[in-house]
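J.: let me see the structure of the following:
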Amino acid sequence: MIETLTIKTTKTAHSRLAETDKTDLPFGKYFTDHMFVADYIDGEWTNFEIVPYGPIPMSPAISALHYGQTIFEGMKAYKQADGSVSVFRADKNWARLNKSAERMSMATLPEEVFMQGLAALIDVDRDWVPDIENYSLYIRPTMFATDPFLGVRPSSTYKFLILMSPSAPYYSKPLKVKIETKYTRSVDGGVGAAKTGGNYSMAMLPTTKALEEGFDQLIWTDAKEHRFVEESGAANLMFVVDGKILTPEVRETILDGITRDTIIHLAKSLGYEVEERRVEIKEVLEYAESGRLTEAFAVGTAATVTQIYEMNYEGKAYPLTDPATRTISTGIAKKLNEIRYGLTADEFGWNWIV
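T.: Residues are numbered from 1 along each chain as shown. You can find the predicted model right below:
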């Protein structure tokens, strides 16, 4: 049986909701009035609180700042057709957070802390959940090491936070992407399968260079040979070839995406064949040139389903089909949205009503 937590709640004296333009919500810019916090001390989780969103005190010597013991998750809540609020596949995010914690030698988080803390926070700030089509409440659970000690060893103390941000879609248009063959996001034996801050900081310089060259995002390739497709930015990749969905298999250099898993389940339920394996850049480009590649798209919590309209490899452009004509990915995305917003039956049991 899951233990019922005692969560202390301190509400803000002044809500910012009335001052927030609900029709202008750039991704990740605005935050709800409150956040959930918990501390790992002496081998157990304690100090469960909901407090007003704002700065937190910390020592400048905490090991997270110096040695990178930080992990996070990304998930979303949706206003349902009946006015209630649901969180999509929260159990998968909790499990993946702990998988990241284990890889980064951090404390794992009990299910009751994650789920009850999240439910209590949403209950306090549920008026922040947007009721505009394709908008959502983005949720960012995060954990970091807090030992004030300048020594290279796993921390013995941690802080867990949940922040929430009402947001418009992450991408507003299809993407023009560059296939990266110099820089790399992750390596065999590394932490590419963990949602840890270092993975994203490694990507910033090459992504900035790509933006300066006129691209919207990168397709990452393997570190050893730059031969295989891995991810696109912070999202997984999928291709439709001869009517079949082809996607790189999950491995230690690729994040086990929850949206990826969701799309695969939906695709199979709709009768599409899905093949998960290592995918070579060369074959994707050959499919594009021959016309066999009819759809390419990125999938992730932030990206949801984002179309790719052009790939560029070593200076050569490979234009793809008009995203407006794509039926497989758009059909799956439509089904996904209908489930998330409570417009159709949730046959998979993915929505958690809070």
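
J.: any low-confidence regions in the protein?
T.: For the chain, the stretches with pLDDT under 70 are 1-2.

J.: now the helices for it?
T.: Along the chain, counting by DSSP state H, helices occupy 63-67, 90-103, 111-124, 197-212, 258-269, 281-290, 328-340.

J.: for residue 162, find the nearest of the ones you listed.
T.: helix 111-124 (5.5 Å; C-beta to C-beta). Every C-beta, even on glycine, is put in place using the N, C-alpha and C of the backbone.

J.: mind listing what's buried along the closest one?
T.: 113, 114, 115, 116, 117, 118, 119, 120, 121, 122, 124 (16 or more other C-beta atoms under 10 Å).

J.: output that helix as PDB, nothing but the C-alphas.
T.: Provided in PDB are the C-alpha atoms of helix 111-124 (Å, rounded to 0.1, in the frame of the first residue of the first chain):
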ATOM      1  CA  GLU A 111       6.200   6.500  -6.000                       C
ATOM      2  CA  GLU A 112       4.100   8.200  -3.300                       C
ATOM      3  CA  VAL A 113       6.400  11.200  -3.200                       C
ATOM      4  CA  PHE A 114       6.300  11.700  -6.900                       C
ATOM      5  CA  MET A 115       2.600  11.000  -7.500                       C
ATOM      6  CA  GLN A 116       1.100  12.600  -4.300                       C
ATOM      7  CA  GLY A 117       3.300  15.600  -4.600                       C
ATOM      8  CA  LEU A 118       2.300  16.100  -8.200                       C
ATOM      9  CA  ALA A 119      -1.400  15.600  -7.400                       C
ATOM     10  CA  ALA A 120      -1.300  18.100  -4.500                       C
ATOM     11  CA  LEU A 121       0.500  20.700  -6.600                       C
ATOM     12  CA  ILE A 122      -2.000  20.400  -9.500                       C
ATOM     13  CA  ASP A 123      -4.900  20.700  -7.100                       C
ATOM     14  CA  VAL A 124      -3.500  24.000  -5.800                       C
END
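
J.: which residues are contacting it?
T.: 2-5, 7, 9, 11, 33-36, 38, 45, 48, 50, 77, 85, 87, 90-91, 93-94, 97, 129, 137, 139, 141, 160, 162, 164, 354 (C-beta atoms under 8 Å, 6 or more residues apart in numbering).

J.: residues in contact with residue 48?
T.: Taking C-beta under 8 Å, 6+ apart as the criterion, residue 48 is in contact with 5, 6, 7, 8, 36, 37, 38, 113, 117.

J.: ok, of those residues, which come out buried?
T.: Buried among the contacts of residue 48 by 16+ other C-beta under 10 Å: 7, 36, 37, 38, 113, 117.

J.: quick check: the gap between the second one and residue 87.
T.: With distances taken as C-beta to C-beta, to the nearest Å, residue 36 is found 13 Å from residue 87.

J.: TSV for the buried residues of helix 111-124, including distance to residue 298?
T.: Formatted as TSV, the buried residues of helix 111-124 follow (distance: C-beta to C-beta, whole Å):
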residue	distance to residue 298
113	31
114	27
115	28
116	33
117	30
118	26
119	30
120	33
121	29
122	27
124	33
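
J.: tell me which of the residues you listed is nearest to residue 251?
T.: Of these, the one sitting nearest to residue 251 (C-beta to C-beta) turns out to be residue 114, at 25.8 Å.

J.: now do stretch 136-155: distance to the chain's middle.
T.: 17 Å (C-alpha atoms, centre = their mean, to the nearest Å).

J.: tell me the buried residues in it?
T.: 136-147, 149, 155.

J.: farthest-separated two in those?
T.: Checking those with C-beta to C-beta, the most distant pair is 136 and 149, at 38.9 Å.

J.: hey, where'd the strands end up in the stretch 1-150 of the chain?
T.: Secondary structure of the stretch 1-150 of the chain, counting by DSSP state E, counting those that start in this stretch: strands at 8-9, 34-41, 44-52, 70-72, 75-79, 85-88, 136-145.

J.: let's see the fifth one as CSV, backbone CA atoms only.
T.: Taking Å, rounded to 0.1, in the frame of the first residue of the first chain, the C-alpha atoms of strand 75-79 are listed here in CSV:
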residue,chain,number,x,y,z
MET,A,75,5.4,15.7,-18.7
LYS,A,76,2.1,17.4,-19.4
ALA,A,77,-1.4,17.9,-17.9
TYR,A,78,-4.4,18.6,-20.0
LYS,A,79,-7.8,20.2,-19.4
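
J.: can you give the distance of that strand from its chain's centre?
T.: For strand 75-79, the distance to the chain centre is 12 Å (C-alpha atoms, centre = their mean).

J.: and the strands in the stretch 151-300 of the chain?
T.: 158-167, 175-179, 217-221, 229-232, 235-241, 244-248, 274-277, 293-300.

J.: let me know which of the ones you listed is the nearest to residue 195.
T.: Of these, nearest to residue 195 by C-beta to C-beta is strand 293-300, at 11.1 Å.

J.: which strands or helices does the closest one pack on?
T.: Helices and strands touching strand 293-300, by 3 or more C-beta pairs under 8 Å, 6 or more residues apart in numbering; DSSP states H and E, are strand 235-241, helix 258-269, helix 281-290, strand 304-313, helix 328-340.
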